[in-house]
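Visitor: output the structure for:
(2 chains)
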Amino acid sequence: MIDLSLILTAHREGILAGTTIRSARAGIDHARAKGVRMEVVVVLDRADAPTRDILREGFGDVADTPARFLETDEGDPGGARNRGIEAAGGTAATFLDADDLVSENWFARAAAMSAERPDAIWHPACSLAFGQEKHLWWHVDSESALFDPLYLEWSNYWIAISCASLDLYRRHPFTLNALHEGFGHEDWHWNRVTLAAGHAHKPVAETLYFYRRRAGSQMARVHAADGVSWPMREPRQRGAPAFRP
Amino acid sequence: MSQPRFAVLPTDPAEQRALAEGLFDAGDYLARNADVRAANLDPLTHYLRHGWREGRNPHPKFSTSGYLNAFPALRETDVCPLVHAAWLATRPVDPAIAALFDADHYLAAFPALRAAGVDPLQHYLLQGWKDGADPSPFFSTRHYLEQVPSLRGGEVSPLEHYVASGMPDDIDIAAAPLVDRANRASHGFWNAEIQALLKSAGYDLGPFAAVSGGPDADVIVAMFSPADYRRRHAQGSGQSDLALLTRYLMFDLPRGVPPGPLFDTEHYLRQLKAAGLAPPNGPAFLDWLKRGHAAGLSPTPAFDRAAYAALNPGLVEAGAAHFGHWVVNGLNEQRPALAGITLGASPRAVAAGPHRPLARVFAEDFAGPAHRELAGMRNFREGRFDALVAKARDIEPLVGIVGERMASFLPPWHDTAFLLFKACVERLPAGQYDTVVAMPFCKMGGADFVAGVLTRALDRRGARVLVLRTEQADWERPDWFPQGIATADLSDLLGQVDMRTRASVLYAVLHHAGARRLFNVNSRAAYETMLRFGAQLSRFMALYTYYFCADRRPDGTEVGYAIDFFASLQGNLDCALIDNADFARVLVDRHALTPGMAARVQPLYSPAMEPPAGVPVVDAQIATSAGRSRPRILWAGRFDRQKRFDLVQQIARLLPGWDFLCWGKAVLDQAPDLSALPDNMTLMGTYGRLDELPLTDCDGWLYTSGWDGLPTILIEIAAKGMPVVASAVGGVPELVDDTTGWPVEPGAGAEAYAAALTEMLADPARRRERATALMARARDRHSFDHYCEVLDRVLAAEETAR
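Guide: Numbering: from 1, shown residues only, chains lettered A, B, ... in the order given. This next block holds a predicted model:
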């Protein structure tokens, strides 16, 4: 039985995925030591050959941790995560982008918190941006006095990286972006949808996500398109995404 | 001199001399002025007659020129400055006024007054307030005048008005937040003032004055929260901040009541325990004053002394890295006081007036309840954080080192623009709205009227309409809108940020309001929002803009929103609404729109402000014409280039036997030279309502605009049944043609207008026929019902398209 599925989404990260592999393996080892059984689901979404090769090599031989590789043609970060969730078999799941890193304790602690509160969605305590931009971003507990629901109408509280029950992810798939129409930030929208559905978003104490800021990243493309999150309301025109706020 | 105060200054030379004598130093004058001494003149006589005009000084401590600088209005009179000063010294001043005046503060702002020998209080009362000077750190002249604008241009200063009115609670004498005022005052001032207050009330000064090591009084004042005090004591906003502070100091502080949320009792008790100190024996706040402060214990989770020192190394050198500095200065200076939280700068509009700086909002409202989260963050940063980062750095060196001063965001406290958005949301009247009408302001203009008509029409359809003003606060004609319409002024908030942020804020506000339709009637912010987010908005709401005629530069270039935005926005619009068919045709032709595209450019004639009268005024004009010895023509409009007032003057010169009565003023352009108007032209000023004009005691209306849409004034005139000679520009011929008036070709000279007027006057029967037809056209096409019918068709197309 798998406690936690790590869904690693990859596109064209190339050898940037190398440090991600090493970070993930350190976290998997740490989790195993804590008794957490994991699997790895690598989603190769329109991935190029270097990315595919380095990930297949990097996760091919992790002790006691089965790895699967999905080739997908989503061309969308939320779509890729959805495909990973479909394939995953753990009680809980978490995500990792193929150019980022996690603190070694993230998997173990997140799985433990999710087991304790399976109705909640857990994020690292903070996200450390590195690379072209450096800053620290603290993840606010939606059940704390610091939380202001109005802010979610304005901007995003939590990054896409979360840990929750597999069932929760299946009930709330990510909405696809439509950058050509100016809609991006699938994580922001997902956060709003899940919060509105009654799922608290909470930080896992003393854990970190290391978020690589670079030109050409998904976030950079969204900014370039002046992208906004899908509003939480019914669209007036046909062809809008299939979601029910 | 027009000032009444000066009028009571004695004019009798003997009385003036008697007044001045007491301030005059004859010996000094003679010593400094050898020519007076040599001529053996009486020094005072010389000064009063000649000396002051020559800039000589009557006393070593009185500067004639400095005095005139202080009272510039005196230069326009023949009053000797020394006489004026001596007279001022005899004027009684209400002790209550004197008590509220801070001479040191005033002289610090105007140091030249001291050298000139000018009494600062008298200067404030006579001159200073007119220049915007404040009589004390706690009294804002400017803010007072905003609340009592009738004082402007008068002779009663705000301070006198305040005292004479009984120091009313509903006037806020201070513009800046209390803490700002406290900061401006010196420590010594506050300590002395507060001690005097308490002492005079018979209270023991023990809490802070008698305790060695206790905080300065200004720290307590800065910790005081008027908003919290109001909440706790169920006080409305009628009491000024200063009144509440006084009450707190007099009645609550001596009992140990904390001054506000910046003293968090639970946090202080935790601090005591952590420091190994015994719990308080009595009120916790008094305990903090007596020993906690001296021990360096923070009274709030929003302040961490070690972090304050680490994040503000300059303060350590100055010995100021402590709670007192933070609460008095650091909060306003946005100095970081907690590791891991980078607060954004407060937008000016949010920080001003009754709003508190962002850092203070965080400290007062959130830090206490969220102390566990803040403690968790601090413990993590001081604990395993660095080790975890180091492990990641071993894998990827780019991760780097996280220094104390790296930007560290705790959303939303880093995000200034969000605070602005939040302030906008708080301005919205409660409720959900399916339709938003965005307009720049509501003054008296034609577009403002159209926004009102549109809102009434939407309201009649049952829409829940919210009117947003985005550029200026004016709401001068609520009667143009449905009674009780929901409206909000966002202009001061949106005006604080660049256009890009403005668009983001308005975009979020539209979604927050729940809008399914947006009508833009000349709101620049709404245009920019549609430009940037038109595609996204159009997926969720129907978008409409109103375009009126383009304006023209002196070189003839067209300018205006239709020029700037039409092509960029049209693809995302449901429909562009144009107040005349001509301009709609111009836009369709200019952009080569297909018939399908052209269907989304809809002429929508504006209704007259008042329904057409039953009988056209032309009937009465013809009936009374025998009583007029000369033909009388009316003209009204702005004295701006567009309206061609120069042409009216030329026409009047061509018809010297006629009278031209003209109403208007320059609005957009510089006022024209009116010094050489024709004798047969009379300027009548401005008018409030059209009915104020002699519509039945004249022979017709002249309209001379060089370019136009379909101007509101012509629709009004048409609705009255007035004979009209009008330039056939823009949409005007849609109203005034050969069957309804006397159109004049665009660009025609004064002769053509004179000929048309002559023709109009010559045939009363035709005049009646055309004016009556004009009125009928206004009734049919420019009625509110007709407007609603067309709008219904437009909205029906939108609903069909879904």
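Visitor: quick one: residue B:29 and residue B:48 touch, right?
Guide: No: contact between residue B:29 and residue B:48 fails when scored by Cβ atoms under 8 Å: they sit 11.1 Å apart. C-beta here means a position set from N, CA and C on the backbone, and glycine is covered the same way.
Visitor: wait, is residue B:437 part of a helix?
Guide: No: counting by DSSP: H, G, I helix; E, B strand; the rest coil, residue B:437 falls outside a helix, being strand.
Visitor: neighbours of it, how many?
Guide: Using other Cβ atoms under 10 Å in any protein chain shown, residue B:437 has 29 neighbouring residues.
Visitor: for chain B, what's the nearest residue on chain A?
Guide: Of all residues in chain A, residue A:145 sits closest to chain B, at 3.4 Å by Cβ to the nearest Cβ.
Visitor: average pLDDT for whichever helix in chain A runs longest?
Guide: Longest among the helix segments of chain A by residue count, using DSSP state H, is helix A:17-33. Taken as a whole, helix A:17-33 has a mean pLDDT of 97.
Visitor: again, but for stretch A:104-113
Guide: According to the model, stretch A:104-113 has a mean pLDDT of 98.
Visitor: residues making contact with that stretch?
Guide: A:3-4, A:6, A:23, A:26-31, A:33-34, A:36, A:38, A:92, A:94, A:120, A:122, A:124, A:163, A:202, A:204-209, B:388, B:391 (Cβ atoms under 8 Å, 6 or more residues apart in numbering or on different chains).
Visitor: specify the beta-bridge partners of residue A:123.
Guide: Beta-bridge partners recorded for residue A:123 (DSSP bridges): residue A:203.
Visitor: and it, how many neighbours?
Guide: Neighbours of residue A:123 under the rule other Cβ under 10 Å: 28.
Visitor: same question for the one 3 residues further on.
Guide: For residue A:126, the number of neighbouring residues by other Cβ under 10 Å comes to 25.
Visitor: returning to what we had before: may I see the ChimeraX selection of the buried members of the contacts of stretch A:104-113?
Guide: The following ChimeraX line selects those of these that are buried, judged by 16 or more other Cβ atoms under 10 Å in any protein chain shown:
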select /A:3,4,6,23,26,27,28,29,30,31,36,38,92,94,120,122,124,163,202,204,206,207,208,209 /B:388,391
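Visitor: related to what we said a few turns ago, hang on, the residue of chain A closest to chain B packs against residue B:370?
Guide: Yes: in this structure, residue A:145 is within contact of residue B:370 by Cβ under 8 Å, at 4.2 Å.
Visitor: okay, and the common contacts of those two?
Guide: What both residue A:145 and residue B:370 touch, as defined by Cβ under 8 Å, 6+ apart, is an empty set.
Visitor: more crowded one of the two?
Guide: Remark: of residue A:145 and residue B:370, residue B:370 carries more neighbours, 22 against 17, as counted by other Cβ under 10 Å.
Visitor: contacting residues around the more buried one?
Guide: By Cβ under 8 Å, 6+ apart, the contact list for residue B:370 reads A:144, A:145, A:146, B:301.
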